[in-house]
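Chemist: got a sequence here, can you model it:
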Amino acid sequence: MEKAIRNFLSQESAGGILLMGAVVLAMIMANSPLSGMYQGFLHMEMQVRVGSLDIDKTLIHWINDGLMALFFMLIGLEVKRELLEGALSTRAQASLPTFAAIGGMVFPAAIYLIFNYSDPVTQNGWAIPAATDIAFALGIMALLGNRVPVALKVFLLALAIIDDLGVVVIIAMFYSTDLSTISLVVAAVAIVVLVAMNRKGVTALGPYGVVGLILWIAVLKSGVHATLAGVIIAFCIPLRAKDGSSPSEHLEHSLHPWSTFIILPIFAFANAGVDLSGMSIGDLMSPVPVGIALGLLLGKPLGVMLFSFIAVKLKLAVLPDGMGWRHIAPVAVMCGIGFTMSMFISSLAFIGDSSGYGDVARLGILTGSILSAVIGYFWLSKVLPEKGDKA
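Modeler: Just a heads-up that it's a prediction; the model follows:
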């Protein structure tokens, strides 16, 4: 039994399977006699107070502001590594996924706004279908095993990383409100200290952790979303030390299993539980869930394919060796798996909303993401060679 568990956890698809399990469990609890316990647990008050510093939030906010900061730190570490040494380190490598990611953010947002142009409240959710879930998308692709060419995996990873970097910018620019000048000054000082440690060649992770905690608290209190602190900390940790070791990669490898098997499933469990008891077909077919679902299912692949095609035709990018449009198309559909990132933006777009938009938004995310996963998987399975065959 222990060996079977270890084998499961070693599979790339394990993260996606756990995420789906967390979603199913959340939906069951939210629509059963356990609903009261589920909601009560998530909205339990948790307070940390040290002198005049007081952080008093519900459990779901600790998950979304705290645990997700660690997830965004992992995203930042991956982005930095890929930019400096990996799949985004040269113009030739970065061009195609960059254009694809831009198209994959613009088109879903446009489709969402087409359905929600007349309502200033629902317009705030325009960025929900613009995100791609790295863990889930790669997990679905991993189900096809070694049939998937390495170049195709790198393309999806690079696209999703650029997409997530775009989401970070969107959160900073459009989902930060009621800014506190004092907290922003403290955050700025913490960033200066982090940069100074990087420039001085500090490689021990402890000091970055201490200053990073101060930065997270300052950003949390500033009105800018606290998860952005994770990205800033990640970019300040050195990629290479003088002895050739990599503090950044060491932290990335340490965080990865925590993110895949604990943080993201907990986030999914906390955010995916939608009570369907008071909903009608009209609610499910309202502009918010329809705009999100179609943005993910249609907007993502259309944007990825069109921008990629234009970039290649204008010779601004090239297709990787061994890859054709028949490979890119199903991967573009898989990019419609917004899930974790879309859920996260939804929690920001409709925070404190009493009209129920948050619930129907999550239904749109689940619908669009599941359809994108199923269609993308079977489509890619059809175009890839069987084991032992040549492409």
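Chemist: how much space separates the most centrally placed residue in the chain from residue 162?
Modeler: Nearest to the geometric centre of the chain sits residue 341, at 3.5 Å (CA atoms, centre = their mean). For residue 341, the distance to residue 162 (CB to CB, to the nearest Å) stands at 13 Å. Placement of C-beta: from N, CA and C, glycine included.
Chemist: hang on, the earlier thing: roughly how far apart are the residue nearest to the residue nearest to the centre of the chain when sequence neighbours are not counted and residue 269?
Modeler: Spatial nearest neighbour of residue 341, excluding adjacent residues (CB to CB, 6 or more residues apart in numbering): residue 131 at 3.4 Å. Per CB to CB, residue 131 is found 19 Å from residue 269.
Chemist: more crowded one of those two?
Modeler: Each of residue 131 and residue 269 has its neighbours counted (other CB atoms under 10 Å); residue 131 has more, 30 against 21.
Chemist: shouldn't the more buried one be in contact with residue 165?
Modeler: No: if you go by CB atoms under 8 Å, residue 131 and residue 165 don't touch, sitting 11.1 Å apart.
Chemist: how far off centre is stretch 58-69?
Modeler: On the basis of CA atoms, centre = their mean, to the nearest Å, stretch 58-69 sits 15 Å off its chain's mean C-alpha point.
Chemist: what of stretch 102-112?
Modeler: With CA atoms, centre = their mean, you get 16 Å for stretch 102-112.
Chemist: could you give the mean pLDDT of that stretch?
Modeler: Stretch 102-112 comes out with an average pLDDT of 96.
Chemist: go on, stretch 372-390?
Modeler: What stretch 372-390 shows for mean pLDDT is 81.
Chemist: where does the stretch 201-350 of the chain dip in pLDDT?
Modeler: In the prediction, the stretch 201-350 of the chain carries no residues with pLDDT under 70.
Chemist: on that earlier part again, and the pLDDT for the residue nearest to residue 341?
Modeler: Note on residue 131: pLDDT of 85.
Chemist: tell me the contacts of it?
Modeler: Counting by CB atoms under 8 Å, 6 or more residues apart in numbering, residue 131 touches 163-164, 167, 338, 341-342, 344-345.
Chemist: give me the contacts around stretch 42-61.
Modeler: Residues from elsewhere that reach stretch 42-61 (CB under 8 Å, 6+ apart): 41, 62, 65, 217, 220, 270-271, 273.
Chemist: now the residues you listed as TSV including distance to residue 15?
Modeler: As requested, the contacts of stretch 42-61 are exported to TSV (distance: CB to CB, whole Å):
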residue	distance to residue 15
41	24
62	22
65	22
217	29
220	27
270	17
271	16
273	20
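Chemist: and the helix or strand residue 192 falls within, which residues are buried?
Modeler: Here residue 192 sits within helix 181-199, counting by DSSP states H and E. By 16 or more other CB atoms under 10 Å, the buried positions in helix 181-199 come out as 183-184, 186-187, 190-191, 193-194, 197-198.
Chemist: the residue nearest to the centre of the chain against residue 132, yeah?
Modeler: Yes: with contact defined as CB under 8 Å, residue 341 reaches residue 132; the gap is 6.7 Å.
Chemist: what touches both of the two?
Modeler: Common contact partners of residue 341 and residue 132 (CB under 8 Å, 6+ apart): residue 164.
Chemist: okay, the helix or strand the residue nearest to the centre of the chain falls within in CSV with CA atoms only?
Modeler: Here residue 341 sits within helix 339-349, counting by DSSP H and E. Taking C-alpha atoms only, helix 339-349 is exported to CSV below (Å, rounded to 0.1, in the frame of the first residue of the first chain):
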residue,chain,number,x,y,z
PHE,A,339,-9.7,26.2,-12.6
THR,A,340,-7.4,27.3,-9.7
MET,A,341,-6.3,30.6,-11.2
SER,A,342,-9.8,31.5,-12.4
MET,A,343,-11.3,30.6,-9.1
PHE,A,344,-8.8,32.9,-7.4
ILE,A,345,-9.6,35.8,-9.7
SER,A,346,-13.3,35.2,-9.1
SER,A,347,-12.8,35.5,-5.4
LEU,A,348,-11.3,38.9,-6.0
ALA,A,349,-13.7,40.1,-8.7
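Chemist: still on that earlier bit, show me what contacts the residue nearest to the centre of the chain?
Modeler: Contacts of residue 341 were listed using CB under 8 Å, 6+ apart, and they are 131-133, 164, 167.
Chemist: what's the distance between it and residue 202?
Modeler: To residue 202, residue 341 is 31 Å away according to CB to CB.
Chemist: now residue 297
Modeler: The spacing between residue 297 and residue 202, counted by CB to CB, is 46 Å.
Chemist: more neighbours, those two?
Modeler: Between residue 297 and residue 202, counted using other CB under 10 Å, the more crowded position is residue 297 (25 against 18).
Chemist: would you confirm that the more buried one contacts residue 374?
Modeler: No: using CB under 8 Å, residue 297 makes no contact with residue 374, being 10.4 Å away.
Chemist: and residue 90, how many neighbours?
Modeler: Neighbourhood size, residue 90 [other CB under 10 Å]: 9.
Chemist: check contacts around it.
Modeler: Residue 90 makes contact with no residue, according to CB under 8 Å, 6+ apart.
Chemist: and it, how far is that from residue 96?
Modeler: Going from residue 90 to residue 96 by CB to CB gives 12 Å.
Chemist: hey, what's in contact with both of the two?
Modeler: Residues touching both residue 90 and residue 96 (CB under 8 Å, 6+ apart): none.
Chemist: ok and the strand or helix carrying residue 251 relative to helix 181-199, angle-wise?
Modeler: Using DSSP H and E, the element containing residue 251 is helix 247-258. Here helix 247-258 runs at an angle of 120 degrees relative to helix 181-199 (axes from the mean of the first three to the mean of the last three CA atoms, to 10 degrees).
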